[in-house]
Each structure stands twice: as C-alpha cells, then as structure tokens.
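In: Sequence first, predicted model second:
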Amino acid sequence: MRDLACIVLDDLSAAGETRRQTEHHAHAIGLGDTDAGRAAIVANELATNAVKHGGGGLFLVRALHCGESVGVELLALDRGPGMRDVAGSLRDGHSTAGTMGNGLGAAQRLSSLFEIYAPPGHGTAVLSRVWAVHPGPPPPSRPLTVGAVCVALQGEREGGDAWAVDQTPGRAALLISDGLGHGEGAAEASAAAVETFAADPSRTPEQQVAALNTALRPTRGAAVAVAVVLPAQGTVSYAGLGNTAARVHSGESMRNLLSREGTAGISARPARQSAYPWQGDAMLLLHTDGLTTRWSLNDHPGLHHRHPSLIAGVLFRDHRRRHDDVTVVVAVPTRDGP
C-alpha cells in the first residue's frame, strides 16, 4: 500500500488542488459522487486551515478498504501554533481568522471518523476518514487497528517503499519493504515483496523473509521487516533484514525488535525470528529508514492515545528524512470493533 497523494500546502491555491485530487482519488477507488463530494469538502477545509492557521504543511490522501467497503483517509499536517481549545474550535461560529467559523465543525460532521492532535506550540494534525455510505455485510473481525503513512521521495513518480497487512480473527501479519534506491526499480522490488507476502500471509516471519529472499532475486532487492501478532498468546514474532526499525511500546516501556544485516534478494543471511511479549495496551511501530531513529513518543504528549494514523502522521511530519521515501506503520489492539 502507498499513499495516493502527498500535497505541499504552501499557499491557499494548494487547498483547491487538494480538493480536486481528493475528489479524483475518491472516485477512482469506488466512492460515488455524494461520498467523493463529502471527502472533497473536508479536504478543502482542512487544507485551508493548515495554510491560514498553521503556516502551511502537508496533506496526505490514502485509500481505505475494509471488507467490501471503501473510503479515503485524509491527513492534514502543519507545524504551526497548535490549538488551545480543540473543542471550541469545532463549535460553529468559532473563528480566529475573521471567518464564519463553520469549517472545522462541518468537516467533522461530514467525516466517518475525525480526530485532532494539536498540543499548543507543537503543530496541528487532523485525521478524517470518509467511508462510502451504503449498507453491506459487516467487515471481518480484525485484532489490530492499523494506521500508516507511505510517501515517495519528493520529485519521484513512484515510491520505493510499500507496506501490507493481513488480518484474520486472532492473528495479524504486517510487512514493510524499502526497495534499494529510489524510483521505478525500488518500487518494483517492494511490489514483489508485497505480492510474495500476500501469496501466503500465514507464514511465520522467518518463513516470509526466506520467501522474500527468493522472490526478490530478479529485483534490486529490499530491506524488509515482518511481524506477526497473536493477541491471545500475548506474543509478537518478528524477523527483519536491512535498515528497517521496529518497536513495541507498552505503558512506559519500549523494546526495539532486532533485524539482521542484509538485503532481501541479494546477499542476505537467513533471518532469525524472535518473539516478544504483547500486552493489551501494546503498540507496534514499524518504519523504514526514511524516518530517523532519534524520536521518542515522550516528545509528543498524549500522542500514544490517538488513532494510529495520527501517530504515523505526526512522526512522519516531525522526524522524516527529506531525501528518502518514508513509511511508518502503527498498530494497536482493536477495542471498539473492526
């Protein structure tokens, strides 16, 4: 999976581009005119606020799939002054810019899911998910709620990173892949990694990495990481090759999951699978080397209680390397249904 768009919000004209791109991508993944229109309105409001109040920033669009349902995820990220009164900012009529003050509240009402992380002095991150509104069968039970950011190096048509997740009741498997270099060749390597992972997601992490070693030989290779979470057993199993990073946070503790040196598809040694404890309050974070390793959730008060997509977005905004593709995947136990 990769984000459909990453738009730089440098002036108010970018809000119009954000609206157009959001509506285009919403139609492309199967949303009808009404739902695509809802997404476009939300995108316009969030992008406009990021420029007016946050001094500009970034806007991400990602496709969502759950069972037979489709939707779009919108992330507006700025590094402005944040918000001193989030609840007040959502009330109709509240404005700090001399406008009618209906935008943020309207965006919330039009969203299927809406969440803000905006500590004063630390920027604003707004998450909106807009799902197609139609009855359908309930989605399958999923043990983890997963959020992600996967963005190509600016200027590249294709990103060299990719990620994938497969969930069944009681089990979740996750993959991240960072194809060597950038552009088309790196994208081909990561696409092969996702295809191999999806061909048999029931493999253990060690078996997956072995399969990736074989499948990626015709490509330029990739750094890969695979994690399997078994909540009922209280374990997360992990195997990785190359320069990827993985952490499990639980309460105040943090544990790094260890990868081996090497590159899948090239001179790689067999990966060693390790098992780590997984508790009900655990959080799994996987990322490629497009994100610096010098970050701590302690620098973001209250962020660990937010939706995984907001966590991924804030880490991307504040800790990305600007000369590389970036992927951040965050997973927490599902508490309120799929």
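Out: Received it, and whenever you're ready, just let me know what you need.
In: ok, now which ones touch the nearest residue to residue 22 once chain neighbours are set aside?
Out: Closest residue to residue 22 apart from its sequence neighbours, by CB to CB, 6 or more residues apart in numbering: residue 43 at 3.8 Å. Every residue, glycine included, has its C-beta placed from N, CA and C. Applying CB atoms under 8 Å, 6 or more residues apart in numbering, we find residue 43 in contact with 18, 19, 21, 22, 23, 59, 61, 74.
In: Go through the residues you listed and flag which are in helices.
Out: Among the contacts of residue 43, the residues falling in helices (DSSP state H) are 18, 19, 21, 22, 23.
In: Now the two most distant members of those residues.
Out: 18 and 23 (9.7 Å; CB to CB).
In: Looking at those two, which one has more neighbours?
Out: Neighbour tally, residue 18 and residue 23, criterion other CB atoms under 10 Å: the higher count belongs to residue 18, 27 against 21.
In: any idea how far residue 163 is from that one?
Out: In this view, residue 18 and residue 163 are 23 Å apart by CB to CB, to the nearest Å.
In: Neighbours of residue 11, how many?
Out: Neighbours of residue 11 (other CB under 10 Å): 9.
In: quick one, phi/psi of it?
Out: Main-chain torsions, residue 11, degrees, to the nearest 10: phi -160, psi 180.
In: Count the neighbours of the nearest residue to residue 327 once chain neighbours are set aside for me.
Out: Using CB to CB, 6+ apart and skipping residues adjacent in sequence, the residue nearest residue 327 is residue 161, 4.1 Å away. Applying other CB under 10 Å, we find 32 residues neighbouring residue 161.
In: next one: residue 111
Out: With other CB under 10 Å as criterion, residue 111 counts 22.
In: what about the stretch 101-250 of the chain, any weak spots by pLDDT?
Out: Scanning the stretch 101-250 of the chain for pLDDT under 70 picks out 101-102, 134-140.
In: where does the closest residue in space to residue 199 that isn't next to it in sequence land in three-state SS?
Out: Of all residues not flanking residue 199 in the chain, residue 211 sits nearest, at 7.9 Å (CB to CB, 6+ apart). The three-state label given to residue 211 by DSSP: H, G, I helix; E, B strand; the rest coil is helix.
In: isn't residue 211 right up against residue 203?
Out: Yes - using CB atoms under 8 Å, residue 211 is in contact with residue 203, at 6.5 Å.
In: hmm, who's touching stretch 197-207?
Out: Residues contacting stretch 197-207 (CB under 8 Å, 6+ apart): 164, 166, 173, 175, 208, 211-212, 226-228, 237-239, 270-273.
In: tell me which residues in it are buried?
Out: Buried residues in stretch 197-207, defined by neighbour count with 16 or more other CB atoms under 10 Å: 197, 201, 203, 205, 206.
In: any idea how far the third one lies from residue 11?
Out: Same thing as residue 203. The value you get for residue 203 to residue 11, if CB to CB is used, is 48 Å.
In: do the first one as well
Out: According to CB to CB, residue 197 stands 40 Å off from residue 11.
In: Which residues are in contact with residue 121?
Out: 81, 82.
In: quick one, phi/psi of it?
Out: Main-chain dihedrals, residue 121, degrees, to the nearest 10: phi 80, psi 0.
In: One more: residue 72?
Out: Main-chain dihedrals, residue 72, degrees, to the nearest 10: phi -130, psi 140.
In: ok, now which ones touch the spatially most central residue of the chain?
Out: Centre of the chain computed as the mean C-alpha position; nearest residue by CA atoms, centre = their mean is residue 148, 1.1 Å away. The contact partners of residue 148, by CB under 8 Å, 6+ apart, come to 1, 62, 163, 308, 309, 312, 327, 328, 329, 330.
In: the longest helix in this protein is where?
Out: Under DSSP H, the chain gives helix 33-54 as its longest helix.
In: in that one, what counts as buried?
Out: Burial within helix 33-54, assessed by neighbour count using 16+ other CB under 10 Å, is assigned to 35-54.
In: Then stretch 227-245?
Out: Buried residues in stretch 227-245 (16+ other CB under 10 Å): 227-231, 236-242, 244-245.
In: How about the secondary structure of residue 83?
Out: Following three-state DSSP, the label given to residue 83 is coil.
In: Mind pulling up the pLDDT for residue 96?
Out: On pLDDT, residue 96 comes in at 46.
In: What residues does the residue lying closest to residue 183 once chain neighbours are set aside make contact with?
Out: Computed as CB to CB, 6+ apart, the closest residue to residue 183 that is not its neighbour in sequence is residue 156, at 5.3 Å. Contact partners of residue 156, counting by CB under 8 Å, 6+ apart, are 182, 183, 325.
In: what about the strands in the stretch 51-200 of the chain?
Out: Applying DSSP state E, counting those that start in this stretch to the stretch 51-200 of the chain gives strands spanning 57-66, 69-78, 113-117, 124-131, 144-151, 161-168, 171-179.
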